[in-house]
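> With the sequence up front, the predicted model follows.
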Amino acid sequence: MTHRQISLDWFSQINHLTTVSLVIALLAFAIGFYAFGKTQKTKGSILTLGLCLTIGTWVFASAFIFSADPETGVWFWYYVQSFGFVPMWPILIHFFTLLSGLDRLPGKTLYVGRRRFTLNAPNVAVAVQYLLAVALHIWILTGAGEPLKYVPTPWGLRDTPNMGSLCTQIFVGMTLFWYAEGTALVVIFWRRSHRQNASVDMRKQSEVISLTGVVFGGITIVLNIILPIFELPIPAFGSLFIGIWIVCITYAVGRYNLGAKDEQIIGQKAFDLSEEPIIVTDKELNILFYNRAFLRNFSDFDPAQARRITELFPDAEGTPPDEGQFRVEGLIAALSAPGPNDSRRFYNIKMSHIYNGHELDRIFFILSDITEIAIQKQILEYLVDERTKEINRQLVITEKYTRPSLVRVIQAGHDPTRFEPKTQEIAIMFADIRDFTLMSEKLSSADTVTLLNTYFTNMNECIVNGGGEIDKLIGDAIMALFESADRAVETAVAMIGRLREYNDALAAGRSYIRNGIGIDYGTVTRGNIGSKEKLDYTVIGDSVNTASRFESLTKRYGLPVVISEEVVNRLTGDHRIRFIDCVLVKGREAPTRLYEVFDHNTPDLIDLKLGNQAQMEEAFAAYRVGDFERALGIYVSLHGRFRDRDPLHEYYVRRTRELMALKQLGKLGPWNGTYQFVEK
C-alpha cells in the first residue's frame, strides 16, 4: 500500500479511542498556541508550545495506531508517534527546570549572538538530554526500536516491545529515568514555589502542575511501558492521560499567568487599582490602554475615537504641546488640561519606555494631579512677586543714596555691617567743579540744585559706564573708585568730553562749567567707618588724600586731568600723557611726579603738546638743576608763541620767576627740582 492509502485507511476502522485521541491532539495543538500568545513569547511559553506540539503529535499518531491494520499501516504511525513521544521528555525536563528556577543558578555566562546563556549544571544536563533524545530518535527511525508484534484487542491494537533489542532497552530505561527526573523536578518546583514565592498565582500553578503531572505521568508510564512488557491485553492508551495533563498545564497558563513574573502580575493589578491616571501609548503616542482613574479625570475622553496623548493637554488656544518632550524618559512638569467650567487642571507626567528586544514598543505615562498645588503656587508666586517688586523699589531708592555694591550685597542676602576691613590696591578719582562758589552766588538755590543734578547725572553716567563705583558726593565733588588704572583714565577723558558737550548745548562756545580731575593709584583700606547709629562703607588711605590733592592742583596748572606716576606705571593702553611736575603735596613726605592726560584735547592742541615735548623736557631739566634763567627763557618763548593755548607754559613762567626771586634773596634753600605745596 502507498503512504497515502495507509494514512487514509483509518476512516474505515475508527473506534472510540481513536475519536478521543484526535480530540485531545487537536486540543493540545490549540492550547499550545493559545498559551504561547497569552504569555507574550516568554521562555516558559515557548516550552509550553513545544510540549503541546510533541504531545499532540504523539496522541494524533496513537489515534491511527488504535485503528490501523497491523499488517500494513501500523508501522507508519509508529514512526510518526516517535516524533512526539521521544522529544517530549527533554522538553518536559527543560520545562520543569525552568519552573523550579534551577536554570538561574550561578554559572559562566556565554553569548551566542544577542542571546545569553548561563552555563551551570542543570542547563548542561538539559542540553545533554536533548542530544541523547535526538540520537535515540534517529536510532528508532532506522527500525532498531520497532515493537516485536502488534495484537488486536477489543479497544484497539496493542504493541509488544522487543525487549531483546538494545535500542528498546535504552529507550525504556531513558523513559523511566525521565519520569523519575521529572518527578524530582516537580518536587523541587513545589518546595521552591511554596517556600520562596509570595505569589498566590505561583502557588496555584505549582499545585495544579505538580499533582496532575505526577498522577497522569505515572499512569502513562504504567499503560505505555510497564503493561506492554508483560503482554497484558490492554492497548497503550497512556497518551490520552498525558494529553489530559497538558490540558491541566494549560489551565494553569490561562488561570494563573504561567510564565509571568510576580512584578508583572502585581503591575497589572496596580494598573487597575491606581488612584493616579495611567496611560500606555504606542511609540507614535497613540493611546492604547488606560485605567479607571484616567476616565475619572478625563471624563470627556471618547474610547471609540483614536487620540494621541498630546491632544489631552491643549493650551488656551487649543494648540497641543510639543511631541518631543513626550518621547524622552523623565518628567514633564505642570502640563495643563481643560477642566470643568472652563477651568484648567495641572498634571506632572512621568514617562518610561517599554522595549521589545531592542526596539521601542510602548511608552508608559503616570499622571499626577497637582491642580491644588499649582493654584497655591500661583498665589504664592503672585505674593512673592508683589513683595519682590516692593523690595526692589526700595533698593532702587536706596541705591541712589548709597553705593551700588552695597545694594548688591544686600540683594545677595549678606549683611554689609559685618564686613571686616580689607586692604586692596585701586585707583581713586576726585572730580570737582571749578569756581563753584562764584557760580552758585549768581544762581538761586533751586537753580543751583538743578545745575548740580544735571552735572552729576552726566558725570556719574560716565563713571558707571567706565566700570567705576561712586563712593560719595561731597558738595560739588565726586569721589569714585576703579579696579583698573586704565578704566579710571578712560573715564576721566570721557567726563571731560561729556562736560564739553553739555556746555556746548547750553550756549555755543561758552563754557559754563569747568572741572578738574585728580587720579592716584595705591593701597587703601576698605571697610565700615562710623558707629552703630551711622556707618559709611568707604576707603581710607594715603592714596585717597593724594588723589584729592591732585584734583586741587588742576586749578594751579590750569589742566583738567592730573594723574600720579603710580597710575602711569599701571597703564596698559595707549594714552597721550606728558610729564608736568615733581612736587611734594601737603600730607606726604615723598615727592610725587605728576602727569597730564590730554586725550580729550582737540587734534591741533594734541599736536602742539606733542611738538613742544622736547622743549618742555629741556626747560624742566634746567629748572631741576636750578638754572632758572635758561628754563625761564624757554618757557617765555613757548608762552609767547602759544599764549593761553597751553596753560602749563604760563604756569612755569610764573613759578620760575618766583624761584629766581627767592634765589636772589637767598631764601630758596637747597633745591632738587621738587616743588613743595604748603596748601591743599
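Noted; the coordinates are in hand. For clarity, every value in this text was computed on a predicted model and none was experimentally measured.

> Export the lengthiest strand in the chain to PDB, keeping only CA atoms.
Looking only at the chain and at elements set by DSSP state E, the strand with the highest residue count is strand 515-530. Once side chains and other backbone atoms are set aside, the C-alpha atoms of strand 515-530 remain, and they are given as PDB (Å, rounded to 0.1, in the frame of the first residue of the first chain):
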ATOM      1  CA  ASN A 515      36.000 120.800  36.400                       C
ATOM      2  CA  GLY A 516      39.300 119.300  37.500                       C
ATOM      3  CA  ILE A 517      40.100 115.500  37.900                       C
ATOM      4  CA  GLY A 518      42.800 114.000  40.000                       C
ATOM      5  CA  ILE A 519      43.700 110.300  40.000                       C
ATOM      6  CA  ASP A 520      46.100 108.300  42.100                       C
ATOM      7  CA  TYR A 521      46.700 104.500  42.500                       C
ATOM      8  CA  GLY A 522      47.700 102.900  45.700                       C
ATOM      9  CA  THR A 523      46.800 100.700  48.700                       C
ATOM     10  CA  VAL A 524      43.700 101.600  50.700                       C
ATOM     11  CA  THR A 525      41.700 100.000  53.500                       C
ATOM     12  CA  ARG A 526      38.100  99.300  52.600                       C
ATOM     13  CA  GLY A 527      35.600  98.900  55.400                       C
ATOM     14  CA  ASN A 528      32.800 100.400  57.600                       C
ATOM     15  CA  ILE A 529      33.600 103.800  59.100                       C
ATOM     16  CA  GLY A 530      31.400 105.200  61.800                       C
END
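
> Could you list the buried residues of it?
For strand 515-530, a neighbour-count test (16 or more other Cβ atoms under 10 Å) marks 515-522, 524, 526-527 as buried. C-beta coordinates here come from the backbone N, C-alpha and C atoms, glycine included.

> for stretch 355-363, same thing?
Taking 16+ other Cβ under 10 Å as the basis for neighbour counts, the residues of stretch 355-363 that come out buried are I363.

> how far does that stretch sit from the chain's center?
Computed by Cα atoms, centre = their mean, to the nearest Å, the chain-centroid distance of stretch 355-363 equals 23 Å.

> Can you name the residues in contact with that stretch?
Taking contacts as Cβ atoms under 8 Å, 6 or more residues apart in numbering, the residues outside stretch 355-363 that touch it are 114, 280-283, 285, 288, 326-327, 351-354.

> Show the end-to-end separation of it, please.
With Cα to Cα, to the nearest Å as the measure, the first residue of stretch 355-363 is 9 Å from its last.

> Given the longest strand of the chain, what are its sheet partners and their directions?
When pairs are called by DSSP bridges, strand 515-530 turns out to pair with strand 422-433 (antiparallel), strand 535-540 (antiparallel), strand 561-564 (parallel).

> How far away from the center of its chain is whatever helix or strand comes next after the first one?
The one in question is strand 422-433. Counting by DSSP states H and E, the element after strand 422-433 in chain order, helix or strand, is helix 436-441. With Cα atoms, centre = their mean as the basis, the distance from the averaged C-alpha position of helix 436-441 to the chain average is 65 Å.

> Show the subsequent helix or strand relative to helix 436-441.
Helix 436-441 is succeeded, C-terminally, by helix 445-465 (DSSP H and E).

> Which strands and helices lie in contact with that following helix?
Helices and strands in packing contact with helix 445-465 are listed as strand 422-433, strand 469-474, strand 477-482, helix 485-506; criterion 3 or more Cβ pairs under 8 Å, 6 or more residues apart in numbering; DSSP states H and E.

> Please export the C-alpha coordinates of that helix as CSV.
C-alpha atoms of helix 445-465 as CSV (Å, rounded to 0.1, in the frame of the first residue of the first chain):
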residue,chain,number,x,y,z
SER,A,445,19.1,127.9,45.4
ALA,A,446,16.7,126.0,43.1
ASP,A,447,18.9,126.7,40.0
THR,A,448,22.0,125.6,41.9
VAL,A,449,20.4,122.3,42.8
THR,A,450,19.2,121.9,39.1
LEU,A,451,22.7,122.7,37.9
LEU,A,452,24.4,120.2,40.2
ASN,A,453,21.9,117.5,39.4
THR,A,454,22.4,117.9,35.7
TYR,A,455,26.2,117.9,36.2
PHE,A,456,26.2,114.8,38.4
THR,A,457,23.9,113.0,36.0
ASN,A,458,26.3,113.4,33.2
MET,A,459,29.5,112.7,35.2
ASN,A,460,28.1,109.8,37.2
GLU,A,461,26.9,108.1,34.0
CYS,A,462,30.4,108.3,32.6
ILE,A,463,31.8,106.7,35.8
VAL,A,464,29.3,103.9,35.9
ASN,A,465,29.8,103.2,32.2
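
> now what about that helix, what contacts it?
Residues contacting helix 445-465 (Cβ under 8 Å, 6+ apart): 404, 429, 431, 433, 439-440, 443, 469-470, 473, 476, 478, 480, 491, 494-495, 498-499, 502, 513, 515.

> For that helix, buried residues please.
In helix 445-465, the ones that count as buried by 16+ other Cβ under 10 Å are 448, 451-452, 455-456, 458-460, 462-463.

> just stretch 526-542 next, same as before
Buried residues in stretch 526-542, counting neighbours by 16+ other Cβ under 10 Å, are found at 526-527, 537-539, 541.

> Do me a favour and average the pLDDT over that stretch.
Per-residue pLDDT values over stretch 526-542 give a mean of 76.

> May I have the distance across that stretch, first residue to last?
Distance between the two ends of stretch 526-542: 13 Å, counting by Cα to Cα.

> check contacts around R593.
R593 makes contact with 564-565, 579, 581-582, according to Cβ under 8 Å, 6+ apart.

> What distance do you get for it to E359?
Computed with Cβ to Cβ, to the nearest Å, the distance linking R593 and E359 is 81 Å.

> swap in T546?
Relative to E359, and taking Cβ to Cβ, T546 is found at 78 Å.

> Same check on K472?
With Cβ to Cβ as the criterion, K472 and E359 are 72 Å apart.

> how about low-confidence regions in the stretch 551-680 of the chain?
Low-confidence regions of the stretch 551-680 of the chain, defined here as pLDDT under 70, cover residues 678-680.
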